[in-house]
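# what would the 3D arrangement of this be:
(one chain, ligands or ions: 1)
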Amino acid sequence: MKFLIITKQTIITVLLLIALIASASVWLISKNGSLAVFGNTTETTREIEMVTTEYKTTMENGEEMEVYRWDPGTVFLEVGEKVNLNILGVMGKEHSFYIEGTDIKGVVQKGEETKVPLQFDEKGTYQLICHNHSQEEDHGKMIAYIVVQ
Ligand SMILES: [Cu+2]
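Next up is the predicted model:
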């Protein structure tokens, strides 16, 4: 008999607990849902891998000719897109570079990767120019083309 009296209160308590857990679950699920939507709209940064390479040849007169290149020589970006240009120094000891028409500059050293964050507001072709290898005696200038479209 004593047990029955307690049961009435227990049922109410259990019902209240169930209601509390249910509403908490609904709140958590909706919260997770909105987080997922937020995650989908977060801007992502695209990674583009680039290396420094070299072409070498021996001319008919026995002279050696070498040129340094950025590889790939052309990269494509969307206006406003966030990109990390990761340049790994493979050939050549050092490449000091700048991107024409911007404040972006840096150095790529052999065996090291240089991360260059990019974001352009205007369409156009921007030249990634190496100071060290853009003289007339370098035969081919070391330039990559960043095409923003
Ligand atoms: Cu260079």
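# and the gap between residue 143 and residue 97?
To residue 97, residue 143 is 10 Å away according to C-beta to C-beta, to the nearest Å. Just so you know, the C-beta spots here come from the backbone N, C-alpha and C atoms, and that holds for glycine as well.
# could you name every residue contacting both of the two?
By C-beta atoms under 8 Å, 6 or more residues apart in numbering, residue 143 and residue 97 have these common neighbours: 128-130.
# out of these, which is nearest to residue 108?
Nearest to residue 108 among the shared contacts of residue 143 and residue 97 is residue 130, at 8.2 Å by C-beta to C-beta.
# thinking that closest one is in contact with residue 70, fair?
Yes. Using C-beta atoms under 8 Å, residue 130 is in contact with residue 70, at 7.5 Å.
# now do the shared contacts for the two.
Common contact partners of residue 130 and residue 70 (C-beta under 8 Å, 6+ apart): 142-143.
# how much space separates residue 135 from the ion?
From residue 135 over to the ion the distance is 11 Å, taken as C-beta to the ion, to the nearest Å.
# again with residue 133
Separation of residue 133 from the ion (C-beta to the ion) stands at 4 Å.
# residue 143 and residue 97: which has the busier surroundings?
Shown here are residue 143 and residue 97; by other C-beta atoms under 10 Å, residue 97 has more neighbours (25 against 16).
# sorry, back to before: can you lay out the shared contacts of residue 143 and residue 97 as a markdown table showing distance to residue 59, neighbour count and pLDDT?
Output for these, formatted as a markdown table (distance: C-beta to C-beta, whole Å; neighbours: other C-beta atoms under 10 Å; pLDDT from 0 to 100):
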| residue | distance to residue 59 | neighbour count | pLDDT |
| --- | --- | --- | --- |
| 128 | 28 | 25 | 98 |
| 129 | 26 | 19 | 97 |
| 130 | 23 | 23 | 97 |
